[in-house]
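> Predicted model follows, preceded by the sequence.
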Amino acid sequence: MKKITFVFVILLLLDQVTKLIARLFFYKPKEFLPFVGLETTQNTGIAFSIPVHPLVITLLTLGVLVYLAWTLAKKELFSWETVSFTFIFTGAVGNFLDRIFVGSVTDFIRLWELPIFNFADIFIFFGVMLFLWYTLKNAKEEIV
């Protein structure tokens, strides 16, 4: 559990510090390459800025956080599933902290024509992809 806590703290710090830097310094878009830039936006919705009532977002987030915390607490061994849940949990906490203390989620990474995102979004995406890979891999082994 110490490894999980360490990973959680490091990733959460990365997310929160970069969001703070973005709010302070990237209020004007900055281009690095034609397809990569920094541009701070405030997202009051959910993924892809889909508008949802803040109470619904709060209740859904709390439900996900409680489920993931409960699942992580009962895991005894370090596994890919544990790693994936840790990434999802960390991303959810990072964006939830923004909603509580800033009033919206700070997004600042622009890549191609994708919606602008942040590190918490990357952690959630990576965690979900890792979980899907883990689940499909195990399902394939059970079939064979």
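Arrived safely, thanks for sending.
> wait, doesn't F85 sit right on A73?
No: applying CB atoms under 8 Å, one finds F85 not in contact with A73, separated by 10.6 Å. Just so you know, the C-beta spots here come from the backbone N, C-alpha and C atoms, and that holds for glycine as well.
> Who has more neighbours out of those two?
The neighbour comparison of F85 against A73 (other CB atoms under 10 Å) goes to F85, with 21 against 9.
> my read is the more buried one is in a helix, agree?
Yes: membership of F85 in a helix is supported by DSSP: H, G, I helix; E, B strand; the rest coil.
> Would you map the strands across this structure?
For the chain, the strands defined by DSSP state E cover 30-33, 36-43, 105-111.
> Format these as TSV; extra columns: distance to T18 and mean pLDDT.
Output for these, formatted as TSV (distance: least, CB to CB, whole Å; pLDDT from 0 to 100):
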stretch	distance to T18	mean pLDDT
strand 30-33	14	81
strand 36-43	10	89
strand 105-111	7	92
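> quick one, which of these is packed in tightest?
Among the strands of the chain, strand 105-111 has the highest mean neighbour count (mean count of other CB atoms under 10 Å), at a mean of 21.
> now for it, which elements pack on it?
helix 2-25, strand 36-43, helix 80-101, helix 119-143 (3 or more CB pairs under 8 Å, 6 or more residues apart in numbering; DSSP states H and E).
> Other residues contacting the lowest-mean-pLDDT helix or strand in the chain?
Of all helical and strand segments in the chain, the minimum by mean pLDDT, DSSP states H and E falls on strand 30-33, at a mean of 81. For strand 30-33, contacts defined as CB atoms under 8 Å, 6 or more residues apart in numbering pick out 37-39.
> of all the residues you listed, which comes closest to I10?
Distance to I10 across the contacts of strand 30-33 (CB to CB) is lowest for L38, with 21.7 Å.
> if I pick the closest one, what's in contact with it?
22, 26, 29-30, 32, 108-110.
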